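Student: I'd like to go over a predicted model; first the sequence, then the structure.
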Amino acid sequence: MNLSYLAGVWYIVLSNFPMWTKGDKIKPNFNYNIETKNGIRGLSDEVKFLKNGKTKSIKGWDRPTDQENTKFIWRGSGLLSIAKSQWEILYRSEDFSWMVIHFEKTLFTPEGYDVVCKDPKDFLRNKDQIFKKLTELKITGLQEIPQ
């Protein structure tokens with residue numbers, strides 16, 4: 001699968017990741033751009049969110065680890081270059097409007113799940129399908145993340 005389906009902004013609408021569920025960081029989203037780094041085609045990414053009314057971000061690089069471009073290793077940029085994590089797309093809707101993502105535990109973060117949408121309105125339009133898929137995948141305990 002071509003990486004182009006991931007390019008753009010993805011809004012986190014459901015999660016069990018403490019960084020998003022605590023409530024002090026709001027409107028989180030992933031911003032992906034396709035780039036080649038050291039001869040490897042991957043994703044430069046910037047996670048953006050609001051904290052105390054100001055936009056904050058975390059930058060990194062996602063290197064695909066499978067030919068389908070559904071599994072990745074993320075490595076932070078700058079001071080976060082020592083941090084890395086593995087994540088994968090467990091499910092992607094047929095119309096590419098939403099995905100279920102699983103991320104593995106790291107030294108700094110717990111294992112967890114996010115549901116991301118290309119448009120926050122996609123969550124409302126697809127809510128029944130999303131919760132059906134989460135049930136099929138046996139994923140529970142996700143909280144709605146305000147947009």
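Tutor: Done, it's in. Residues are numbered from 1 along each chain as shown.

Student: going forward, measure contacts between C-alpha atoms and count neighbours the same way
Tutor: Fine.

Student: ranges for the helices of the chain?
Tutor: 18-21, 120-136 (DSSP state H).

Student: now those in TSV, with mean neighbour count and mean pLDDT?
Tutor: Putting these into TSV (neighbours: other CA atoms under 10 Å; pLDDT from 0 to 100) gives the following:
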stretch	mean neighbour count	mean pLDDT
helix 18-21	16	94
helix 120-136	14	96
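
Student: can you add distance to Ser57 and give those back as a markdown table?
Tutor: Conversion of the helices of the chain to a markdown table gives the following (distance: least, CA to CA, whole Å):
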| stretch | distance to Ser57 |
| --- | --- |
| helix 18-21 | 13 |
| helix 120-136 | 19 |
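
Student: so how far is the worst-scoring helix or strand of the chain on mean pLDDT off the chain centroid?
Tutor: Lowest mean confidence among the helices and strands of the chain (mean pLDDT, DSSP states H and E): strand 71-76, at a mean of 89. Centroid separation between strand 71-76 and its chain, computed with CA atoms, centre = their mean, to the nearest Å, is 11 Å.
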